[in-house]
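J.: What shape does this take:
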Amino acid sequence: MAGLFNTTSFRIVEQGISVMAENNKIIQHNIANADTPGYKTKYLYFEGILRDKMNARASEKFKKELSIGTAVYTDRHTKGQPDGNNVDNDVQQALFLKNKIRYDALINQLDGEFNLLRSAMRRN
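T.: As a prediction, this is how the structure comes out:
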């Protein structure tokens, strides 16, 4: 049964959902600290890491473990409020919605994967 969920597509969707959930926590943390003096906005960086994996030469793709790496970085360069806080609530709300759309798309993809499995099991 474990082999059913060990497909590249399933693993990518599963990891994507995990990344979106992690990103959601960081965005919520930023929003919650919008009024905290000295707080610096944090971002989850994953798109460049994923792009690099997708652009790897074919021979390298099979050598690399299929995983989406992430890194959290703190924005220390954007000027913000006089108290040193640089959270822009409008930007964070927009990022939250963008992340939700991605998360929902991945959940729909996962649902599609399960529907294919159900369909295949009914035929047998």
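J.: Scan the helices and strands of the chain for the one with the lowest mean pLDDT.
T.: When each helix and strand of the chain is scored by mean pLDDT, DSSP states H and E, helix 58-63 comes last, with a mean of 51.
J.: Distance from the chain centre to stretch 10-19, please.
T.: 8 Å (Cα atoms, centre = their mean, to the nearest Å).
J.: what residues are up against the residue lying closest to Asp75 once chain neighbours are set aside?
T.: The shortest distance from Asp75 to any residue other than its chain neighbours is 4.5 Å, reached at Thr41 (Cβ to Cβ, 6 or more residues apart in numbering). Where C-beta positions appear, they are placed from N, C-alpha and C, glycine not excepted. Thr41 makes contacts with Asn30, Thr74, Asp75, Thr78, Asn86, Val87, Asp88, Gln92, as judged by Cβ atoms under 8 Å, 6 or more residues apart in numbering.
J.: All the helices of the chain, residue numbers only.
T.: Ranges of helices in the chain, per DSSP state H, are 8-32, 47-54, 58-63, 89-123.
J.: List the contacts of Leu44.
T.: Listed by Cβ under 8 Å, 6+ apart, the contact set of Leu44 reads Val19, Glu22, Asn23, Ile26, Thr70, Ala71, Val72.
J.: how close does the nearest residue to it once chain neighbours are set aside sit to Ala32?
T.: Taking Cβ to Cβ, 6+ apart as the measure, Leu44 lies nearest to Asn23, with 4.4 Å between them; neighbours along the chain are not counted. For Asn23, the distance to Ala32 equals 15 Å [Cβ to Cβ, to the nearest Å].
J.: more neighbours, those two?
T.: More neighbours sit around Asn23 than around the other of Asn23 and Ala32, counting by other Cβ atoms under 10 Å; the figures are 22 against 12.
J.: got a pLDDT number for the residue nearest to Asp75?
T.: Note for Thr41: predicted pLDDT of 97.
J.: Please state the backbone phi and psi of it?
T.: Note on Thr41: its backbone torsions stand at phi -60, psi 140 [degrees, to the nearest 10].
J.: how close does Ala105 get to Met20?
T.: The separation that Ala105 has from Met20, given Cβ to Cβ, amounts to 9 Å.
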